[in-house]
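[1] Everything below, folded, please.
(one chain, ligands or ions: 1)
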Amino acid sequence: MKLEKRDLTYRPRRLRKSDNLRRLVREANVHLDDLIAPVFVVEGKNIKNEVPSMPGIYQWSIDRVIEEIDQLLDSGISRIILFGIPDVKDDKGSSSYSELGIIQKTVEKLKAEYLDLLIITDICFCEYTDHGHCGVIHEADVHNDSTLELLGKQAVSHAKAGAHIVAPSGMMDGMVGEIRKSLDGAGFEDIPIMSYAVKYASAFYGPFRNAVNSELQSGDRKSYQMDPGNIREAINEVERDIFEGTDIVMVKPALSYLDVVSEIKKISNIPLACYNVSGEYAMVKAASEKGWLDHDEIMMEMLLSMKRAGADIIVTYFAIEAAQLIKKGNGTN
Ligand code: PBG
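    Alright, predicted model coming up:
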């Protein structure tokens, strides 16, 4: 656009004069309805273990997880994504699709307890396998198609337990199509899939692996998670997942990948989520503990930038803290 002479009198600062004006012209906002809180459940009784690298985030046993849910609901967050920490692991991750698995038991309990809670379940194997990889190992690598079959089983067992949405995070080729087929075959045509369509092989997941005890016994996840240098590949992944029938696509991590969020927003018309991952959370906690950053301002600035980039939905460990600030009215200052 060409600047006219009269534009020289134009002063953008006019609209920055007061908080009221700034709020009037603000382009992006963070709403309570945008946020999903991750919740970690562990086998055992009377457990509330703080994750050392994620202050304020706990592993909960099923008998106590309602303390966390009550707090979330009180602060206005009514959507969770559940991660399970089983007490037995094997090479196939079979406790992930057992009727008596940690997720299945938790979902049943939460469904009985809460009417308005939306429960999303993470679909993966890394928490359930003894080797820590996201699927079945053949010849030193995760075998795609034998993992697919088990992913279908896991998704159906979560849906049977009552999950409202399933969220496959393992980056197997064809996972969305396979899960859609399995869900439909079992009569769960109405259960949406939120696919981690674009998941990078990222060091930002470090604290999460601590939270779910899924440290890799050997190797890395680079043969299935994406290379951080790639963005066209991200678009390809999204196109494939939409083609296979996903209802929501997700980009993960969020902060270092907001260009990817923006690009995907341009090419797709289904809801777009991003995952504000454990490492992003831990950095803010650590620096603010040292007094180096203002916790609340940094938190809101990060969440706002995800919305501005184009995310419709944010999965975040900050959910409660952000909700409390937003409700006070100073969440987006
Ligand atoms: C896999 C999964 C991971 C995260 C969510 N789902 C870990 C991984 O791929 O290693 C990471 C979340 C975070 O870092 O906050 N089940």
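[2] Name the helix or strand for residue 106, please.
    If you go by DSSP states H and E, residue 106 is part of helix 102-113.
[3] Around the ligand, pick out the residues from the protein.
    122, 124, 126, 169, 205, 208, 209, 277, 278 (Cβ under 6 Å from any ligand atom). The way it works is simple: take the backbone N, C-alpha and C, and place the C-beta from them, glycine included.
[4] how about the second one, what does it touch?
    In other words, residue 124. 96, 134, 168, 169, 170 (Cβ atoms under 8 Å, 6 or more residues apart in numbering).
[5] With residue 93 instead?
    For residue 93, the contact set (Cβ under 8 Å, 6+ apart) comprises 125, 127, 128, 129, 135, 150.
[6] shouldn't the fifth one be in contact with residue 125?
    It stands for residue 135. Yes: contact criterion Cβ atoms under 8 Å: residue 135 and residue 125 qualify, at 5.4 Å.
[7] so what sits against both of the two?
    Residues touching both residue 135 and residue 125 (Cβ under 8 Å, 6+ apart) are 93, 147, 150, 151, 170.
[8] related to what we said a few turns ago, which residues are contacting the helix holding residue 106?
    Under Cβ under 8 Å, 6+ apart, the answer for helix 102-113 is 41-43, 62, 65-66, 69, 82, 84-86, 95-96, 98, 117, 119, 121, 157-158, 160-163.
[9] Nearest to the ligand among the shared contacts of residue 135 and residue 125?
    residue 170 (6.7 Å; Cβ to the nearest ligand atom).
[10] SS state for that closest one?
    With DSSP: H, G, I helix; E, B strand; the rest coil as the basis, residue 170 sits in coil.
[11] show me where pLDDT drops low in the stretch 151-300 of the chain?
    Applying pLDDT under 70 to the stretch 151-300 of the chain flags no residue at all.
[12] Where do the helices of it begin and end?
    175-185, 206-211, 232-244, 258-267, 278-289, 295-309 (DSSP state H, counting those that start in this stretch).
[13] Turn these into TSV, columns for mean neighbour count.
    Shown next, in TSV, are these (neighbours: other Cβ atoms under 10 Å):
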stretch	mean neighbour count
helix 175-185	21
helix 206-211	20
helix 232-244	17
helix 258-267	18
helix 278-289	19
helix 295-309	19
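[14] Just tell me which of the ones you listed ends up closest to residue 3.
    helix 295-309 (24.6 Å; Cβ to Cβ).
[15] Quick check: the closest residue to residue 324 other than its chain neighbours vs residue 318, distance?
    Excluding its sequence neighbours, the residue lying closest to residue 324 (Cβ to Cβ, 6 or more residues apart in numbering) is residue 75, at 5.3 Å. According to Cβ to Cβ, to the nearest Å, residue 75 and residue 318 sit 11 Å apart.
[16] Which residue of those two possesses the greater neighbour count?
    More neighbours surround residue 318 than the other of residue 75 and residue 318, with 26 against 20 (other Cβ atoms under 10 Å).
[17] looking at it, the more buried one is touching residue 281, isn't it?
    Yes: counting by Cβ under 8 Å, residue 318 sits close enough to residue 281 to count as a contact (6.6 Å).
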